[in-house]
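A.B. asks: dropping a prediction and its sequence here:
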Amino acid sequence: MTNILRNEKIKAENLSKNAYLYIRQSTMKQVYEHTESTKRQYALKDKIVAIGWDSSSVITIDDDQGLSGADSQSRKGFKYLVSEVANGNAGIIAGIEVSRLARSSSEWNRLLEISVLTNTLIMDEDGIYDISDFNDRLLLGLKGTMSEAELHYLKSRMRGGLLNKARRGELKVPLPIGFVYDEQDEIVKDPDLQIQEAINIFFKIFKRTGAAWATVREFNRLGYKFPKKGGKGIEKGTLMWTQLVNSRALQTIHNPHYAGVYFYGERQVKNSIDGKREILMPREKWHVFLPDAHSAYISLEEFEENQKILKTNSQSRKGSERNSPPREGSALIQGIVICGKCGNKMTIRYHSKENCMFPQYICQKRSVEHGEKVCQSINGKGVDEKISSILLDTVTPFAMEVSISVQEELIKRQKEVEQMYLQNIERAKYEAEMSKRRYMNVDPDNRLVASSLEADWNAAIKRLREAEDAYQKECRREKENIDLKTRNEVVKIANDFPYIWNDPNVADREKKRIVRLLVEDVTLFQDYKNIDIKIRFRGGATKEVSILRPLKIFEKCRTDAKVIKEIDKLLDKYTTAEIADILNNKNYISGKGEAFSRKTVGRIIRTYNLETRYTRLRQKGLYTLKEIMVKLSASQKEIQKLRDRSGIKFYKYSDKNEYLYELPEKI
């Protein structure tokens, strides 16, 4: 285009508004290294002034340096530019090329649409464009599409090369503690044996405890420290030994690197309404998953088993797949009990009786979610007692074999403790020796430096002594625990297992862990008489047993059916007080084990909906006092005279001298 054509597009309306110069580089590396491009963008201001704008009216926007033009979510400068155009404050927008303003066609076209409405011109290094002109709009739209396509091709080439390298397992990725890259850029275990030992002990403890939080508690109880490397600032890459926390334990268990797996694409960037965000993807959608790619701390099978354990322990899971970890409380099969009616997991409630807590297994999922009636509520005392007896019968034949393996495990744990503290001593010795060398090599005349190094040496010696004292104390304690409390008992476990199981000092949580080792799940089904128990052992074996359903309180106090039948028969002739005397003479007793009274008989009549004597007499056509007075046209006194001289038949229906009358044939 010629200068004449350019000038024709610039109107007085445009010159009366501000000119906006937008400057951007995609990365901070470009900002520092591609300085010529930056200079060219700032130089565009001179061209804006040359075509008619005053220098004071030119606003430079360079807030988005080091940000990609693929989207506007993080580009405050671009958002400000669009708002100024929409408010009609911009006469012209200037950028060295379209790609500086936007790499997204949607954002570029939106800017063009707003510019049409506000009569805003657009300028790049090639010329000035009037968006209301079809040819200019077509040209700018094409430039925007080409800019987006250019970014796509750049990303595709770089992404393709990166994925191709990752598929070969050669792409360098951040490694967790315990792994490093060697001189050939291959992943190997950290040569620091103390780091290796800490990670090995971590996985062994998790295998024993079966829960991340229990691993953290045991790890810290033993006084172990877990290694980590600083990630930011002056501590970046520095090895530190810290107390193990639950979040780090979960990260370690979930990381496939420890199983010798090279992986890439666990987290992927996905477009969303709120902008791009990083999403944790399921394993089948990872870009790369290469087993046996490097040395490992655990096998892939053990890693998979650990993931299953964490999945079943997860408190956020719902439905029948969730098994909660063993917790406090006496409910022996808590977390692994299934409703035999609907198949849902049953939860636990406890009720107190005589200062003791008793479990109640309840299926209430539908009740909670849909407001329906509770599916099943089963008294857990009898169920747990039956499970205990079955386990005692099952475990006893194998107890000797278990005792030997337990003893070996205890000895191994003692050696782990000793090895851990010996490594602490070894590291403390190394640090003390290094501090000594630095102090001995310093110029004696440099007293400031010498004093500082001497203090470091003294501190290192102190840490060495503390490590040695901790080793002696902790290892002695562990040895005493094994020798005095455990070793002799373990040998006799075959005969003493029932005693150990029934020992009140054994924690409920430990009993539940024993149950989990043997039992997969337990299904309960209750009818009016029995509780059916189906036990599924690990390995596939099953066992089905039934126990009598415990009577509820009202059922325990229920009167015998024969007595109820007798009362129903006696109501044809006698009142409640008379019936009570008859039952007592026949040595009948009530449900509470007491003699009968008028009130007891009355309560039984109401509870079992027996027809009262009054109702029975009325059904025979007898009349009340008022009714018979009307029928006979007689007063109450006359009726009483008839009753006294047996001139009318009457029947007593209550213990308050109340009567019903039979209509006489003749008076």
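C.D. replies: Yep, that arrived.

A.B. asks: contacts and neighbour counts: CA atoms only from here.
C.D. replies: OK.

A.B. asks: kindly report the domain assignment for this protein.
C.D. replies: With domains defined by automatic domain parsing, the chain comprises 3-166, 176-313, 327-550, 556-661.

A.B. asks: which residues in the stretch 301-450 of the chain form helices?
C.D. replies: Along the stretch 301-450 of the chain, counting by DSSP state H, counting those that start in this stretch, helices occupy 365-370, 380-395, 399-441, 447-480.

A.B. asks: buried ones in the first one, by neighbour count?
C.D. replies: By neighbour count with 16 or more other CA atoms under 10 Å, helix 365-370 contains the buried residues residue 365.

A.B. asks: got the CA coordinates for that helix in CSV?
C.D. replies: The C-alpha atoms that make up helix 365-370 are tabulated as CSV, following Å, rounded to 0.1, in the frame of the first residue of the first chain:
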residue,chain,number,x,y,z
LYS,A,365,-27.2,-46.3,52.5
ARG,A,366,-30.6,-46.1,51.0
SER,A,367,-32.0,-44.5,54.2
VAL,A,368,-29.4,-41.7,54.1
GLU,A,369,-29.5,-41.1,50.3
HIS,A,370,-33.2,-41.7,49.6
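
A.B. asks: how about the domains of the chain in CSV, adding mean pLDDT?
C.D. replies: What follows is the domains of the chain, written out as CSV (pLDDT from 0 to 100):
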stretch, mean pLDDT
domain 3-166, 83
domain 176-313, 86
domain 327-550, 74
domain 556-661, 85
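
A.B. asks: from residue 422, how far off is residue 597?
C.D. replies: Distance check for residue 597 against residue 422: by CA to CA, to the nearest Å, it reads 82 Å.

A.B. asks: what packs against the helix or strand where residue 628 lies?
C.D. replies: Element membership for residue 628, per DSSP states H and E: helix 625-632. Contact here means 3 or more CA pairs under 8 Å, 6 or more residues apart in numbering; DSSP states H and E; on that basis helix 625-632 packs against helix 636-644, strand 659-661.

A.B. asks: most tightly packed of those?
C.D. replies: The highest mean neighbour count among these, using mean count of other CA atoms under 10 Å, belongs to strand 659-661: a mean of 20.

A.B. asks: touching it from outside, list them.
C.D. replies: Residues from elsewhere that reach strand 659-661 (CA atoms under 8 Å, 6 or more residues apart in numbering): 617-618, 622-625, 628, 648-653.

A.B. asks: go again using 6 Å as the cut-off
C.D. replies: Strand 659-661 has contacts (CA atoms under 6 Å, 6 or more residues apart in numbering) with 622-624, 650-653.

A.B. asks: swap in stretch 610-622?
C.D. replies: Contacting residues not belonging to stretch 610-622 are listed as 571, 653, 660-662 [CA under 6 Å, 6+ apart].

A.B. asks: just stretch 188-199 next, same as before
C.D. replies: With CA under 6 Å, 6+ apart as the test, stretch 188-199 has contacts from 178-180, 423.

A.B. asks: start to end distance for that stretch?
C.D. replies: Counting by CA to CA, you get 14 Å between the two ends of stretch 188-199.

A.B. asks: name the residues of it that come out as buried.
C.D. replies: Across stretch 188-199, burial judged by 16+ other CA under 10 Å covers 189, 194-199.

A.B. asks: looking at these, which is nearest residue 458?
C.D. replies: residue 194 (23.5 Å; CA to CA).

A.B. asks: re earlier: closest one of the contacts of stretch 188-199 to residue 462?
C.D. replies: residue 423 (16.3 Å).

A.B. asks: how about the nearest residue to that closest one, chain neighbours excluded?
C.D. replies: residue 194 (5.9 Å; CA to CA, 6 or more residues apart in numbering).

A.B. asks: and the one you found, what helix or strand is that in?
C.D. replies: Assessed by DSSP H and E, residue 194 sits inside helix 193-209.

A.B. asks: in the next helix or strand after that helix, what counts as buried?
C.D. replies: Once the chain leaves helix 193-209, the next helix or strand it forms, by DSSP H and E, is helix 212-221. For helix 212-221, burial by neighbour count (16+ other CA under 10 Å) applies to 212-216, 218-219.
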